[in-house]
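Okay, sequence plus prediction incoming.
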Amino acid sequence: MLKIRPRTIVIHLFAWGLAIGWLFPFVGLAMAAFRPLPEIIGGWWNFDRFTPSLTKFGAAFNAIQLGLRNSFLIAVPGTLIPMFVATLAGYGFARFSFPIRDYLFLTIVVLMTIPQQMVAIPIFRIMFGLGLANTVLSLVILHSAWGLPWIVLFMRNFFSALPKDVEEAARVDGASDLKVFFKIVLPMALPALAAVAVLQFMWVWNDFFFSILLCPSNPNCMPATVALIRTIGQFQFDPGLLAAGSIIVMLVPVLLYVLLQRFYIRGMIGWTVKG
Amino acid sequence: MLFVAFPVLTTIGVSFFDANGHFIGLRNYQQVLGSPDTINLNGFPKPPPYGTLINNALWIVIHLPLSMFLGLWLALVLREVRGSSWVKTAIFIGMVTPLIVGGIMMLYIYDGSIGIVPRFFDTIGIHSLGVGWLQRPTTLLFGLIFGSVWLWTGFSMIVYSAGLTTIPKEYWEAAKIDGTSAFRTFTQVTFPLLKPMTIVVFTMSILYELKIFDLVYGATNPQGGVGGAADVLALQMFREAFVQLPANYGTAAAVATFLSLLTLAATVMTIRYMVKR
């Protein structure tokens, strides 16, 4: 016989109410994007007149579509390149001992805490010096370099938790280091790699500081986060347009998170708690 | 190395030179720490601007405990709730939203005529808070901090939730049999066992609060809003190097180095704890 206590009901009502309340600001943003401004003056929860339309979304998409394209052009290689390098390096740290390993490792941890502002001036000068300022390539390179430390750390933690028996058995059977890595270790690492991919992709997509540093005004390289501020926000303030643009830009990471939640949470917990 | 280690050293170097390339030792640091942009408490108590360093400190003092304990409390309560994964998903969306969008959202939340927060206070009769929050120094500064709690609480909730699943149920059952009160169970059993999670949330939150940039930029402008009330160190550095004309790389580099020393201190605390363990 299941007993439902008043306390249980209160907690459920509270928790579900809280979840809905927590989303209110997002609802407000959506209302500002879907409805004409005069309708929501005094609060979007007034539904006396309710004439939603998609016109703002169309206009916002037109204004930032180049930015969305650039964001993909930056985030996809900006995820794959550091993943490839860091997976090999992480395996090296975990399996092969060489003398400076621990110091190198500590250095990486310290590098992860450094604010982006600490590298801004020299990076700006280097990219100008190389003629790469205002290109998508400069952001790919920068995000790859910046993502490396944490991915190395993450993969090292993952690899050192893997049992060594299987690898040793394969080695006894005469498999080479490379073969062991690609045929045995890598398949086992797929969930970890998925977690890294989701986290790094979101990090690059959401980045604003590096983007506005290296591409503050050229529409051919600015990613969506900068385009939002520069293309929509700059000249006249149209709340509906800005709201619609914001929703489009945040849709990519939010959808990615909702669909790949398992990997995202595991990645985040993994690199914070186990670190 | 070329894009991380070398720039760090270069920035430290730049912080010792003036605009004409003359070595001036620590004078940039003197100038930064003596500037009202950084610390501005003359005539306190008074409304903001308080300066970037004080603002970052306020971020830590207000934002850290609020988001940490709210997240812990949610993690504890949600254990008993059916469908709690949906509730967690809803709360965690703030963490995956680009922070620049988070900043833009502050414009809508705190707007005098369409914002939910001013409308709420107006309805319950507190008319002084029923106006646009971002147009006044005091409500701007604290509004952004509270708004960020809304975005960031999901982090501590998720970390603590994961931590709670690692604690064997027998611990709580034993406490129940012994007749320990719920409060004592929490302070004597649950919270100490969650110490590793607390360290993580503590460190990551401090780093977030020190490095905060996108949110302030999105909600205000490169000046940090009305009278620079919401200005923070990261924004100050960006402004001095890349917005104002002529740029002052020396003081900007000094701000960046100073900020790095603060984040480094937060991390070293964690490493020391982990090594001790």
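Alright, I've got the coordinates.

how close does the residue nearest to residue A:175 when sequence neighbours are not counted sit to residue A:89?
Leaving aside its sequence neighbours, residue A:175 sits nearest to residue A:183 (Cβ to Cβ, 6 or more residues apart in numbering or on different chains; 7.2 Å). Just so you know, the C-beta spots here come from the backbone N, C-alpha and C atoms, and that holds for glycine as well. Look at residue A:183 and residue A:89: by Cβ to Cβ, to the nearest Å, they are 19 Å apart.

Look at the two and report which has more neighbours.
Between residue A:183 and residue A:89, residue A:89 has the larger neighbour count (other Cβ atoms under 10 Å in any protein chain shown), namely 20 against 12.

what's the model's confidence in the strand or helix carrying the more buried one, averaged?
Using DSSP states H and E, the element containing residue A:89 is helix A:55-95. Averaged over helix A:55-95, pLDDT sits at 91.

Could you do stretch A:208-224 as well?
Averaged over stretch A:208-224, pLDDT sits at 92.

Need the CA coordinates for it. PDB is fine.
What follows is stretch A:208-224, C-alpha atoms only, in PDB (Å, rounded to 0.1, in the frame of the first residue of the first chain):
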ATOM      1  CA  PHE A 208      33.000  35.700 -26.800                       C
ATOM      2  CA  PHE A 209      36.300  37.200 -25.600                       C
ATOM      3  CA  PHE A 210      38.700  35.600 -28.100                       C
ATOM      4  CA  SER A 211      36.200  36.200 -30.900                       C
ATOM      5  CA  ILE A 212      35.800  39.900 -30.200                       C
ATOM      6  CA  LEU A 213      39.600  40.200 -29.700                       C
ATOM      7  CA  LEU A 214      40.600  38.700 -33.100                       C
ATOM      8  CA  CYS A 215      37.500  39.500 -35.200                       C
ATOM      9  CA  PRO A 216      35.800  42.600 -33.700                       C
ATOM     10  CA  SER A 217      34.200  44.000 -36.900                       C
ATOM     11  CA  ASN A 218      34.800  41.900 -40.000                       C
ATOM     12  CA  PRO A 219      31.600  40.000 -40.900                       C
ATOM     13  CA  ASN A 220      33.500  37.400 -42.800                       C
ATOM     14  CA  CYS A 221      35.200  36.000 -39.700                       C
ATOM     15  CA  MET A 222      33.000  37.000 -36.800                       C
ATOM     16  CA  PRO A 223      31.300  34.100 -35.100                       C
ATOM     17  CA  ALA A 224      27.600  34.300 -34.100                       C
END
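
Is there a neighbour count for residue A:217? I'd like the number.
11.

for it, what are its contacts?
Applying Cβ atoms under 8 Å, 6 or more residues apart in numbering or on different chains to residue A:217 gives the contacts residue A:230.

Low-confidence regions, chain A specifically.
Counting by pLDDT under 70, chain A has low-confidence residues at A:1-3, A:97-109, A:233-236, A:270-275.

Let me see the domain layout of it.
A:1-53, A:55-274 (automatic domain parsing).

Between those, which one is closest to residue B:139.
Residue B:139 sits nearest to domain A:1-53 of all the domains of chain A, at 16.5 Å, using Cβ to Cβ.

what about the helices in the stretch 101-250 of chain B?
Ranges of helices in the stretch 101-250 of chain B, per DSSP state H, counting those that start in this stretch, are B:116-123, B:137-165, B:169-177, B:182-185, B:191-193, B:195-211, B:214-219, B:233-242, B:249-276.

Now tabulate the ones you listed in JSON lines and tack on mean pLDDT.
As requested, the helices of the stretch 101-250 of chain B are exported to JSON lines (pLDDT from 0 to 100):
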{"stretch": "helix B:116-123", "mean pLDDT": "90"}
{"stretch": "helix B:137-165", "mean pLDDT": "93"}
{"stretch": "helix B:169-177", "mean pLDDT": "86"}
{"stretch": "helix B:182-185", "mean pLDDT": "87"}
{"stretch": "helix B:191-193", "mean pLDDT": "89"}
{"stretch": "helix B:195-211", "mean pLDDT": "89"}
{"stretch": "helix B:214-219", "mean pLDDT": "93"}
{"stretch": "helix B:233-242", "mean pLDDT": "92"}
{"stretch": "helix B:249-276", "mean pLDDT": "86"}
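
Domain ranges for chain B, per the record?
B:1-34, B:42-249.

possible to save those as CSV with mean neighbour count and distance to residue A:262?
Below are these laid out as CSV (neighbours: other Cβ atoms under 10 Å in any protein chain shown; distance: least, Cβ to Cβ, whole Å):
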stretch, mean neighbour count, distance to residue A:262
domain B:1-34, 15, 31
domain B:42-249, 19, 11
